[in-house]
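Q: okay, structure incoming, though there's no sequence with it:
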């Protein structure tokens with residue numbers, strides 16, 4: 001009897017373990033996440049019409065792994081949601097590949113928007129739900145794709161303008177189409193639409209050897225553009241472009257841009273582009289220093305020239321000149337294929353104390369690369385405020401004299417309440 005009871009006990013124990021294991025398999029799941037295209041997340045303006053797709057998988061089942069995948073790519077999110085791969089449907093492919101899966105669908109061309117998702121099967125969790133949708137767009141990869149012309153601002157009899165503004169007003173009928181703006185600048189740029197900065201990137205484009213290659217940045221304006229009148233402003237500065245010497249592509253900060261409308265059929269229409277009909281003016285920013293090691297310099301900001309904002313009212317009531325067609329050396333212009341620089345953290349001072357009769361020492365407690373944001377008390381018109389930057393002190397309260405003036409900004413006041421830099 002004892003032996004029989006023990007056998008029954010072990011049998012029931014085994015059955016119980018099997019039931020638990022089967023139950024765990026039935027409720028466990030794998031998940032697809034972090035879809036990438038050319039190792040970028042939802043990239044805009046690719047330089048590759050056969051990009052590499054990839055994804056990651058996590059599973060609650062121990063030692064689970066992918067055995068098959070299926071990729072669908074479509075011209076619209078509606079088709080993708082309905083599992084219609086009008087650009088490419090791989091079908092169920094036996095493979096454990098999760099990276100560098102090349103797109104091999106219908107040939108893509110400049111301006112195309114591609115939506116895609118992936119489903120997988122695993123060894124233990126079996127069929128896995130579709131991933132969340134991802135997308136990518138194709139940039140302007142050929143010279144023939146460009147209708148926009150390079151423009152600069154070089155008014156006769158005026159000093160060289162380091163940091164010009166360009167403005168254009170235009171009208172659209174917004175009917176749920178997509179709007180992509182391609183910007184190719186020699187020097188840094190920022191873009192504003194209807195008074196709002198586009199995107200959260202700073203110091204665009206990324207660094208390149210600009211006497212040989214310039215980079216193209218693409219922006220999605222779909223959620224910011226409106227039916228009727230729109231105002232677009234492109235703000236330029238020289239940036240690293242100034243360091244290329246006598247052989248640089250142009251002697252002035254220069255930009256070309258092109259706004260494209262893409263309908264639900266994937267058809268692309270150029271609706272706005274740079275030419276000499278754009279308005280231009282000095283932004284009020286100018287640079288100092290050489291941007292060479294230990295002599296980088298800084299900026300002079302003249303609030304008497306700078307616009308408070310880029311809303312329609314301010315744009316309309318400011319004095320503007322005309323943009324000039326720029327003479328740019330023929331070179332290679334390619335889409336920017338890296339994630340942009342972004343502001344990642346706001347750092348406040350750890351101490352502020354008086355330093356001499358009319359100066360203050362502001363200590364942020366760390367070395368950093370960033371932008372200073374500072375508000376001023378009421379200042380008189382044309383009063384100058386100098387801000388100098390140091391990454392070390394010679395002693396507890398002494399700045400290194402050999403670094404004086406190498407890294408500094410100057411603010412020239414307008415003379416009104418609540419001025420800030």
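A: Right, received. Where do you want to start? All figures in this text were calculated on a predicted structure; none of them were measured in a lab.
Q: against residue 407, how distant is residue 293?
A: Counting by Cβ to Cβ, to the nearest Å, the separation of residue 293 from residue 407 is 12 Å. All C-beta atoms are positioned from the backbone trio N, CA, C, and that covers glycine.
Q: who has more neighbours, those two?
A: Neighbours were counted for residue 293 and for residue 407 using other Cβ atoms under 10 Å; residue 407 has more, 18 against 6.
Q: quick one: residues contacting the residue nearest to that one when sequence neighbours are not counted.
A: Leaving aside its chain neighbours, residue 407 sits nearest to residue 389 (4.2 Å; criterion: Cβ to Cβ, 6 or more residues apart in numbering). The contact partners of residue 389, taken as Cβ atoms under 8 Å, 6 or more residues apart in numbering, are 298, 407, 408.
Q: quick one: low-confidence parts of the stretch 251-400 of the chain?
A: 294 (pLDDT under 70).
Q: need phi/psi at the closest residue to residue 278 other than its chain neighbours.
A: Counting by Cβ to Cβ, 6+ apart, the nearest residue to residue 278 once its immediate chain neighbours are dropped is residue 323, at 4.3 Å. Its backbone dihedrals place residue 323 at phi -70, psi 150, with angles given as degrees, to the nearest 10.
Q: residue 323 is in contact with residue 281, isn't it?
A: No - Residue 323 sits out of contact with residue 281 when judged by Cβ atoms under 8 Å, with a separation of 9.8 Å.
Q: more neighbours: the two, which one.
A: residue 323 (27 against 21).
Q: how about the helices in the stretch 51-200 of the chain?
A: Assignment of helices within the stretch 51-200 of the chain using DSSP state H, counting those that start in this stretch yields the ranges 77-81.
Q: for the residue nearest to residue 407, give its distance to residue 290.
A: Note on residue 389: its distance to residue 290, by Cβ to Cβ, is 16 Å.
Q: do residue 255 as well
A: As it turns out, when the distance is counted by Cβ to Cβ, residue 255 lies 23 Å from residue 290.
Q: these two - which one has more neighbours?
A: Between residue 255 and residue 290, counted using other Cβ under 10 Å, the more crowded position is residue 255 (26 against 13).
Q: what about the closest residue to that one other than its chain neighbours, how many residues nearby?
A: Distance criterion Cβ to Cβ, 6+ apart; nearest residue to residue 255, sequence neighbours excluded, is residue 185 at 4.2 Å. Each residue near residue 185 was counted by other Cβ under 10 Å, and the total is 27.
Q: tell me if I'm right that residue 185 and residue 214 touch.
A: Yes - counting by Cβ under 8 Å, a contact exists between residue 185 and residue 214, whose distance comes to 7.4 Å.
Q: can you list residues touching both of those two?
A: In terms of Cβ under 8 Å, 6+ apart, residue 185 and residue 214 are both contacted by the residues residue 205.
Q: do I have it right that residue 184 meets residue 216?
A: Yes - judged on Cβ under 8 Å, residue 184 makes contact with residue 216 at a distance of 4.5 Å.
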